[in-house]
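Chemist: Give me the fold of what follows.
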Amino acid sequence: AAGSIAEADFGGSSIFAIKASEWTAKVCEALAGNTTLKKLDLTDCQINDDGAAALGAMLATNTTLAHLVLNKNKIRDGGCIEIANGLRTNSTLREIELFQQEGGRKWGEGCLTTWLDMYKTNVSILRVNWATNSKSTVTLTKMLARNMDINRALKAGDDWKPMLPNELKSTPPNLAFYQM
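Modeler: Residues are numbered from 1 along each chain as shown. Below you'll find the predicted structure:
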């Protein structure tokens, strides 16, 4: 589309960081009806759990965004859980980056359990970039591998439906657009 924007980079913006909650809400509102933006970079924008909750709500309905960068923010487990909850119904996001949250902390078990649960209905995420030393890491990696297998089968024209999680087998998602 003429005048459409495929990428938006607010990374390191001091203007964004000063009013992170307000700007995150505005970006999420704009993305609610967006049909062109594929990548959003909000690195080092001082986004906290409230901002992550707004992003999670946006992800639940957004049908265009494929790559979200949230490195170097202030997102804690509560915000990470809200993002995972939004991804339960998202079918377009392929990659999310969550490295280097404030304090260099790693994600807690509650957050990771929510992500594992999210994979019961999300087959679109192909990359999650974050640091974790949880026992859940192996299972999380298996879920990503399953999603990549579905993507490969779809690209090859093979039957991908048997690879779906049980929760999606009775009503398979429309993955016609899915090829990355």
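Chemist: Need the three-state assignment for the residue nearest to residue 34 when sequence neighbours are not counted.
Modeler: Spatial nearest neighbour of residue 34, chain neighbours left out: residue 64 (5.6 Å); criterion: CB to CB, 6 or more residues apart in numbering. Heads up, the C-betas are built off the backbone N, CA and C, glycines and all. The three-state label given to residue 64 by DSSP: H, G, I helix; E, B strand; the rest coil is coil.
Chemist: ok, now which ones touch residue 64?
Modeler: 31, 34, 35, 36, 37, 38, 92 (CB atoms under 8 Å, 6 or more residues apart in numbering).
Chemist: Okay, and which of these map to helices?
Modeler: residue 31 (DSSP state H).
Chemist: Below-threshold pLDDT in the chain: ranges please.
Modeler: Scanning the chain for pLDDT under 70 picks out the ranges 1-3, 103-105, 176-180.
Chemist: Which helix or which strand is home to the residue most central in space within it?
Modeler: For the chain, the residue sitting closest to the mean C-alpha position, by CA atoms, centre = their mean, is residue 96 at 4.7 Å. According to DSSP states H and E, residue 96 maps onto strand 95-97.
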